[in-house]
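1. pasted the sequence and its predicted model underneath.
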Amino acid sequence: MGVTVTVLYFGEAQDKAGIREEEIVAEDTSSLRNILIAKYPALARVPFRLALNRSLLKEESPLSKGDIIAVLPPFQGG
């Protein structure tokens, strides 16, 4: 059984999802990633990373109720 987390979309990920924020129920970041791609197939073409409570993830992680997940596409800087 999953937990409810807040998902924030940024940049191209926001464009593909068509929203800025929503709540989703998931067990871990791996299942969350699958849910996001199933819900927004255009995200599959965006090489996004996830941040959990403002920490960029290097590997999949379990989720806790109230966590905040940021969906971060590649950023161009200069």
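-> Alright, I've got the coordinates.
2. three-state assignment of residue 51?
-> strand (DSSP: H, G, I helix; E, B strand; the rest coil).
3. per-residue confidence at the residue lying closest to residue 25 once chain neighbours are set aside?
-> What sits nearest to residue 25 in space, not counting adjacent residues and going by Cβ to Cβ, 6 or more residues apart in numbering, is residue 2, at 4.3 Å. (Glycine included, C-beta is placed from N, CA and C.) Listed pLDDT for residue 2 reads 93.
4. quick one: residues contacting residue 2.
-> Counting by Cβ atoms under 8 Å, 6 or more residues apart in numbering, residue 2 makes contact with 25-27, 31, 63.
5. what are the phi and psi values at it?
-> phi -90, psi 180 (degrees, to the nearest 10).
6. which of the contacts of residue 2 count as buried?
-> Buried members of these, scored by 16 or more other Cβ atoms under 10 Å, are 26, 31, 63.
7. would you mark the buried spots in the top helix by length along the chain?
-> As assigned by DSSP state H, the longest helix anywhere in the chain is helix 29-39. Buried residues in helix 29-39, defined by neighbour count with 16+ other Cβ under 10 Å: 29, 31-33, 35-36.
8. redo these as JSON lines? Include distance to residue 50 and pLDDT.
-> Output for those, formatted as JSON lines (distance: Cβ to Cβ, whole Å; pLDDT from 0 to 100):
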{"residue": "29", "distance to residue 50": "6", "pLDDT": "97"}
{"residue": "31", "distance to residue 50": "12", "pLDDT": "97"}
{"residue": "32", "distance to residue 50": "7", "pLDDT": "98"}
{"residue": "33", "distance to residue 50": "7", "pLDDT": "97"}
{"residue": "35", "distance to residue 50": "12", "pLDDT": "98"}
{"residue": "36", "distance to residue 50": "9", "pLDDT": "98"}
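9. any chance of those residues in TSV, plus distance to residue 8?
-> Formatted as TSV, the buried residues of helix 29-39 follow (distance: Cβ to Cβ, whole Å):
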residue	distance to residue 8
29	14
31	18
32	12
33	15
35	15
36	12
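10. many thanks, we can stop here.
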